[in-house]
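Undergrad: show me how the following folds:
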Amino acid sequence: MPSIATRPDRRAPNICFLAARHVFITPRGRPGGVVDDALARLGRARTIAFATPSFLIGPPVVADTNLVITLASRLATAFASTLPLALFESPLDLPGFRLAMFWHDRRHADPLRAFIRARVGAIAKDLPPLSARGVRTKPAPRRSRQSLRNFASR
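TA: Purely as a prediction, here's the structure:
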């Protein structure tokens, strides 16, 4: 489940998802993404105030500004353990994703690369389900699409 991260002093009642200024992570340098697609289906758009190609840059920027960012919950939780971030459930129904490892056939038998692939796979396999990790989130109540503008305004 995607999370919305913001500074802790911006409590849920003060956040309006559509009115907020957003950090956008764009690894390929192109505009748009799953959040923008979901908003477009609702006839809405968000304001991008800062774009970066790196997932490592966005959360520290959010921690030092009044911007918000939408991240995968595991990533948001990891950053919230080291940065002053408050996490909230996304008001949008966003698709999940899978992580995969890819490598060229020429490197398949390389012992070092095989070791790294095995370690990454073992670590990923041993991760507990997200709900069992004690995620520090404040779930937003489910609202109709028309009330998206007023997300967490209560």
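Undergrad: and the strands in the chain?
TA: 2-6, 21-25, 47-52, 68-72, 86-89, 137-138 (DSSP state E).
Undergrad: need those in TSV with mean neighbour count, mean pLDDT and distance to Arg98, can you?
TA: Every C-beta, even on glycine, is put in place using the N, C-alpha and C of the backbone. Output for these, formatted as TSV (neighbours: other C-beta atoms under 10 Å; pLDDT from 0 to 100; distance: least, C-beta to C-beta, whole Å):
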stretch	mean neighbour count	mean pLDDT	distance to Arg98
strand 2-6	25	67	15
strand 21-25	19	92	18
strand 47-52	14	93	23
strand 68-72	23	89	11
strand 86-89	21	85	21
strand 137-138	16	42	22
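Undergrad: can you lay out those strands as a markdown table showing distance to Pro60?
TA: Below are the strands of the chain laid out as a markdown table (distance: least, C-beta to C-beta, whole Å):
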| stretch | distance to Pro60 |
| --- | --- |
| strand 2-6 | 11 |
| strand 21-25 | 10 |
| strand 47-52 | 10 |
| strand 68-72 | 10 |
| strand 86-89 | 15 |
| strand 137-138 | 20 |
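Undergrad: the ones you listed: which one's closest to Phe102?
TA: strand 68-72 (19.2 Å; C-beta to C-beta).
Undergrad: which residue is the nearest non-sequential neighbour of Ala45?
TA: Nearest residue to Ala45, sequence neighbours excluded (C-beta to C-beta, 6 or more residues apart in numbering): Leu39, at 5.7 Å.
Undergrad: and the helices in the protein?
TA: Using DSSP state H, the helices of the chain run over 34-41, 58-63, 73-80, 111-126.
Undergrad: now the closest residue to Leu83 other than its chain neighbours: how far from Val35?
TA: Excluding the flanking residues, the one nearest Leu83 by C-beta to C-beta, 6+ apart is Ala63, at 4.3 Å. Computed as C-beta to C-beta, to the nearest Å, the Ala63 to Val35 distance reads 20 Å.
Undergrad: then Thr47?
TA: Distance, Thr47 to Val35, using C-beta to C-beta: 12 Å.
Undergrad: overlap of the contact sets of those two?
TA: Here Thr47 and Val35 have His22 as joint contacts, going by C-beta atoms under 8 Å, 6 or more residues apart in numbering.
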